[in-house]
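Colleague: here is my input; please provide its structure:
(one chain, ligands or ions: 2)
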Amino acid sequence: MNQKIKEQLKGRSFLTLKDFTPEEIQYFLDLAEQLKADKKKGITGNRLKGKNVALIFEKPSTRTRCSFTIGCTDEGGHPEYLGRDDIQLGYKETIEDTARVLGRMFDGIEFRGFRQDYVEKLAEYSGVPVWNGLTDEYHPTQILADLLTMKEQFGYLKGLRFVYAGDGRNNMANSLMIGCGKMGLHFTILAPKALWPKEDLVRLCREYADASGGSVTMSEDTDAVTGADVIYTDVWCSMGEEEKAAERVALLRPYQVNRALLEKTGKDSTIVMHCLPAVRENEITAEVFEANADVIFDEAENRMHTIKAVMVATLGDD
Ligand code: CP
Ligand code: NVA
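Modeller: Ligands and ions are numbered 1, 2, ... in the order given. Below you'll find the model as predicted:
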């Protein structure tokens, strides 16, 4: 493990992958790989011993909540779940005051919610590392799990041809574009123009890709999957957007990940990934989902190893 990177990650918040260099992202992945191998041998650690970690969830979660809980407990720390109706945040108390209170009691804070500026304010006012467990804009811990899963599948990341099919302007699309851009993948958003990501984010990710040897492209044409190593999808309506269901189905039906789309890759080796939860027969058919279930559930398991790595790298003691 690179000592310099190890030191520069201590005490940092994890709000978006924009804040991390490719070398730092690689460090998280290498650490996660090591923690995963150890856990498979029954070895856990004490790197978070004596650390209390707050888990704030304004939105529901299976994977992220369990990953923070188990990752923290495995390393000797104490996680405390604070659900939407459990604390004063949003009702009686501002995010700044909640941050200052929690920062006096906890050593690290995870936040899942709506607003990206909330997770940023938590980091600014709490004085402890804050980890983004998903906002409307970004879902950075998921990307570490996705990168680790691709590394396990292919043995490398640079040069992989990656197509994200679906809602191209949600938290997953934004964060995958940042992560793939930084790590040298050839990244394509396959979506109707109405659901492409913001231009300033695309421009930024193209700069990352220029530096890493990757690329970032947008397409409305399903031929864009030709040669894809990975096709990735996510729900058509993210949490909080449920009223858009009919509109999204109409816009995104041509981009469903199904057998016909997979055949267009021209490859037998293409894998399909999904961050979960999945809505079968919307963004992905049950047939394609089940055919790729091994990869998809490796990806889900890798949430835990990568989130543990983020907590250990930013808060842990050796
Ligand atoms: N992928 C993901 O974040 O899942 P949860 O919503 O269950 O945490
Ligand atoms: N885009 C989805 C991701 C869930 C992990 C959502 O925000 O609901």
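Colleague: ok, now which ones touch residue 172?
Modeller: 139, 142, 164, 232, 234, 275 (CB atoms under 8 Å, 6 or more residues apart in numbering). The way it works is simple: take the backbone N, C-alpha and C, and place the C-beta from them, glycine included.
Colleague: from the residues you listed, which are also near ligand 1?
Modeller: Subset of those in contact with ligand 1: 142, 275, counting by CB under 6 Å from any ligand atom.
Colleague: so residue 251 lies in a strand, does it not?
Modeller: No: assignment of residue 251 by DSSP: H, G, I helix; E, B strand; the rest coil gives helix, placing it outside any strand.
Colleague: skipping adjacent residues, who's closest to it in space?
Modeller: residue 192 (5.1 Å; CB to CB, 6 or more residues apart in numbering).
Colleague: make CSV out of the contacts of residue 172 and add secondary structure and pLDDT.
Modeller: Output for these, formatted as CSV (DSSP: H, G, I helix; E, B strand; the rest coil; pLDDT from 0 to 100):
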residue, secondary structure, pLDDT
139, coil, 98
142, helix, 99
164, strand, 99
232, strand, 99
234, coil, 98
275, coil, 98
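Colleague: just put the contacts of residue 172 in a markdown table and tack on distance to residue 1 and neighbour count.
Modeller: Formatted as a markdown table, the contacts of residue 172 follow (distance: CB to CB, whole Å; neighbours: other CB atoms under 10 Å):
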| residue | distance to residue 1 | neighbour count |
| --- | --- | --- |
| 139 | 26 | 26 |
| 142 | 23 | 28 |
| 164 | 31 | 25 |
| 232 | 29 | 25 |
| 234 | 32 | 26 |
| 275 | 27 | 25 |
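Colleague: going by distance to ligand 1, which of the contacts of residue 172 wins?
Modeller: Ligand 1 has its nearest neighbour among the contacts of residue 172 in residue 275, at 4.1 Å by CB to the nearest ligand atom.
Colleague: state the distance from the closest one to ligand 2.
Modeller: As judged by CB to the nearest ligand atom, to the nearest Å, residue 275 and ligand 2 stand 5 Å apart.
Colleague: got a list of what that residue touches?
Modeller: Residue 275 neighbours (CB under 8 Å, 6+ apart): 139, 142, 146, 172, 234, 299.
Colleague: and it, backbone torsions?
Modeller: phi -70, psi -20 (degrees, to the nearest 10).
Colleague: SS state for the closest residue to ligand 2 within the stretch 151-300 of the chain?
Modeller: The stretch 151-300 of the chain approaches ligand 2 most closely through residue 238 (3.3 Å), counting by CB to the nearest ligand atom. Three-state call for residue 238 (three-state DSSP): coil.
Colleague: try residue 276
Modeller: Under three-state DSSP, residue 276 comes out as coil.
Colleague: enumerate every residue touching it.
Modeller: 62-63, 296, 299-300.
Colleague: weed out the non-buried ones from those.
Modeller: By neighbour count, with 16 or more other CB atoms under 10 Å, the contacts of residue 276 hold 63, 296, 299-300 as buried.
Colleague: state the distance from the residue lying farthest from the centre of the chain to residue 130.
Modeller: What lies farthest from the middle of the chain is residue 92; by CA atoms, centre = their mean that is 30.4 Å. Distance, residue 92 to residue 130, by CB to CB, to the nearest Å: 21 Å.
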